[in-house]
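[1] Sharing a sequence plus its predicted fold:
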Amino acid sequence: MAKSDKGMQPRKRKALKYGIVGLIGIFLMYHFFYVVSLDSRARDTADEDMTQLAASYFSQTLPETLENAPAPCTLLSTLSRPEDNDWAAYGKQTNIGNRYYFLVRGEGVIEEIEKDFISVAFGKTEEACLLRISTVYIFGNEIRDASGKLLLQDVGELSKFNAISESINKKVRDEIVPDFLKQAQVGMKVQVDGAFALNRRIGVTDDLEVMPIQLQIID
């Protein structure tokens, strides 16, 4: 018996309809993923730019600025004088307020090595001081802001500005500190380049902790 064509036509139309829908779906999916790819590429480019800027700041700008950084004891003695109110002569600010950021550089002797920090004695006799150098909790914006050479307007966006700070801190946590601690022992003489923040309204406190920038054993 010959097959009737009456039942064939609806199936063809149905197949054609599904084929068109499928092609439209493929077209939309292609452009959706293409857009996502462009967005992802833009984010990757922005991240790479921030990483390069952070690397340049750490390897070039900071070392140049640290050449003129004061010794720790000298700076703390100056900031502790009640009559000396010009903190802007020694530190940097990122906005209006009482928080100031400072760079220090000096040679000292390791007095103690703890889990989260090392204690380093700087200076002699009346100018001596003991500072804690953080070796674990290296966060915040001290290293980024203490030089005054990198500003929000240079970057444009707060999120990118903060990403630079975290990139710098991560480098210190992952590279600078571990290499130093492998060799560090109590009694060793060390070169410390660091940054810290103080509130002028509160002044110099006993719990002051320095964020290291470079740590080097020199004896």
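    Thanks, I have it.
[2] Can you give me the buried ones in the top strand by length along the chain?
    The single longest strand within the chain, with elements called by DSSP state E, is strand 99-113. Within strand 99-113, the residues that qualify as buried by neighbour count (16 or more other Cβ atoms under 10 Å) are 99-108, 110. (Each C-beta comes from the backbone N, C-alpha and C, glycine too.)
[3] neighbours of Q60, just the number please.
    11 (other Cβ atoms under 10 Å).
[4] which among the buried residues of strand 99-113 gets closest to P82?
    Y100 (16.4 Å; Cβ to Cβ).
[5] Next one, pLDDT for the nearest residue to the closest one once chain neighbours are set aside please.
    Excluding the flanking residues, the one nearest Y100 by Cβ to Cβ, 6 or more residues apart in numbering is G91, at 3.5 Å. At G91, the model reports a pLDDT of 95.
[6] likewise T51?
    On the pLDDT scale, T51 gets 83.
[7] so is it in a helix, a strand, or just coil?
    helix (DSSP: H, G, I helix; E, B strand; the rest coil).
[8] what residues are up against it?
    By Cβ atoms under 8 Å, 6 or more residues apart in numbering, the contact list for T51 reads S167.
[9] Spell out the residue ranges of the strands in the chain.
    Using DSSP E, strands in the chain cover 99-113, 117-122, 129-134, 189-199, 209-217.
[10] looking at the sheet around the residue nearest to V210 when sequence neighbours are not counted, what are its partners?
    Excluding the flanking residues, the one nearest V210 by Cβ to Cβ, 6+ apart is G194, at 3.9 Å. Beta bridges link G194 to V104, P212 when assigned by DSSP bridges.
[11] isn't G194 right next to G106, touching?
    No. With contact defined as Cβ atoms under 8 Å, G194 does not reach G106; the gap is 9.1 Å.
[12] on that earlier part again, of all the buried residues of strand 99-113, which two lie farthest apart?
    R99 and I110 (29.1 Å).
[13] do you know which of the strands of the chain lies nearest F58?
    Nearest of the strands of the chain (Cβ to Cβ): strand 209-217, 7.9 Å.
[14] Report the mean confidence score over that closest one.
    What strand 209-217 shows for mean pLDDT is 97.
[15] Distance from the chain centre to that strand, please.
    15 Å (Cα atoms, centre = their mean, to the nearest Å).
[16] between it and strand 117-122, how big is the angle?
    70 degrees (axes from the mean of the first three to the mean of the last three Cα atoms, to 10 degrees).
[17] and the angle for strand 209-217 with strand 99-113?
    Going by the same axes, to 10 degrees, strand 209-217 makes 50 degrees with strand 99-113.
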